[in-house]
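Participant: The following block contains a protein sequence and its predicted model.
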Amino acid sequence: MDRLATMRVFQAVADEGGFAAAARLLDMSPAGVTRLVADLEAYVGARLLQRTTRHVSLTEAGEAYLARVRQILSDVDEATAIAQAHTEELSGVLRLLASPVLSVHVLAPLIADFRRLHPRITVEIHVDVLQAPEVSDYDITLMGVAEGFDANVIARPITTTEAILCASPRYLQKHGMPQQPQELSRHDCLVLRTPDRRPGVLRLVKSNAVEEVVEVPVQPVLLVNHIETLQRAALDGAGICGQPLSLVAPYLRDGSLVRVLSPWILGRYTTYAALPSRKFTPARARAFMEFLSARAAAMVQEALDVDQTECTLRT
């Protein structure tokens with residue numbers, strides 16, 4: 001019995017929540033996955049998984065065993081990566097974790113060009129809402145956070161962008177362009193729900209001034225915890241919303257959205273790349289980090305150029 005192989009199968013069953021899902025992930029038959037897990041349980045002398053007709057869960061022994069298995073497999077993968085780092089051509093699986101918005105708008109557009117540079121690297125992206133990301137399970141974890149970010153992780157800043165207010169021309173033709181922040185109180189506001197903000201108050205900062213802040217009470221007509229839903233509603237004329245400048249630059253360029261109340265912003269957001277360890281970063285992860293930093297910086301600069309042009313045209 002290949003113990004490492006059975007450990008990987010067991011980990012897949014635990015992570016995927018079932019034998020069939022693990023079989024699809026590993027390109028194996030469900031019967032083969034079941035047999036390998038049974039062999040592993042016989043080898044360790046303990047039941048690791050509790051099976052029912054609809055669900056598979058870890059036993060107490062399984063939870064303890066899985067924690068050690070993750071570390072063992074991580075060490076094996078790291079040892080392999082160290083050896084591969086000495087080869088001229090980068091290869092292997094690059095495991096990334098990101099929120100839906102970062103995955104769609106930051107990672108996905110980079111894949112084609114990155115793989116043209118490194119065709120032997122396979123990119124595996126796990127998309128999840130990051131409340132408490134499992135940084136240790138991935139080569140790189142992308143996180144978009146507001147100013148004042150302070151977490152106990154090893155993280156490298158990639159880009160910083162401003163969250164601006166914008167609306168569609170159709171909405172502004174009907175409701176008018178606000179000239180002062182206080183006028184937002186009588187507009188239809190689309191608000192992103194976050195744990196650290198009151199949904200009935202917009203806190204605006206004047207980006208070209210020091211410590212000029214105003215809080216405006218609003219009655220949101222849409223309150224949502226998904227930024228792309230907010231963007232779609234704004235494009236369809238539902239109201240005024242806040243969006244990262246780098247995300248809405250294409251819509252500012254083609255006129256689908258118009259910036260509102262420049263130079264007032266809702267804050268600044270930084271994208272960080274978190275790493276699992278300082279001990280060793282695989283060469284493929286270092287290569288992607290450099291590629292990501294260069295492309296993201298170019299994307300933010302393009303967004304700033306678009307915003308400046310758009311503001312000049314309106315002036």
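Facilitator: Nice, I can see it.
Participant: mind listing the helices in the chain by residue range?
Facilitator: 3-16, 19-26, 30-44, 60-84, 100-102, 111-117, 169-175, 227-235, 245-254, 283-314 (DSSP state H).
Participant: Turn those into JSON lines, columns for distance to Glu215 and mean pLDDT.
Facilitator: C-beta coordinates here come from the backbone N, C-alpha and C atoms, glycine included. Formatted as JSON lines, the helices of the chain follow (distance: least, CB to CB, whole Å; pLDDT from 0 to 100):
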{"stretch": "helix 3-16", "distance to Glu215": "44", "mean pLDDT": "90"}
{"stretch": "helix 19-26", "distance to Glu215": "47", "mean pLDDT": "89"}
{"stretch": "helix 30-44", "distance to Glu215": "55", "mean pLDDT": "91"}
{"stretch": "helix 60-84", "distance to Glu215": "45", "mean pLDDT": "85"}
{"stretch": "helix 100-102", "distance to Glu215": "26", "mean pLDDT": "86"}
{"stretch": "helix 111-117", "distance to Glu215": "41", "mean pLDDT": "93"}
{"stretch": "helix 169-175", "distance to Glu215": "22", "mean pLDDT": "96"}
{"stretch": "helix 227-235", "distance to Glu215": "20", "mean pLDDT": "92"}
{"stretch": "helix 245-254", "distance to Glu215": "21", "mean pLDDT": "86"}
{"stretch": "helix 283-314", "distance to Glu215": "24", "mean pLDDT": "71"}
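Participant: From Ala294, how far off is the closest residue to Leu142 other than its chain neighbours?
Facilitator: Nearest residue to Leu142, sequence neighbours excluded (CB to CB, 6 or more residues apart in numbering): Ala98, at 4.1 Å. In this view, Ala98 and Ala294 are 18 Å apart by CB to CB, to the nearest Å.
Participant: Likewise for Leu25?
Facilitator: Distance from Leu25 to Ala294, by CB to CB: 32 Å.
Participant: Looking at these two now, which is surrounded by more residues?
Facilitator: The residue with more neighbours, out of Leu25 and Ala294, is Leu25; 14 against 11, by other CB atoms under 10 Å.
Participant: My read is that that one contacts Gln11, right?
Facilitator: No: using CB atoms under 8 Å, Leu25 is not in contact with Gln11, being 10.4 Å away.
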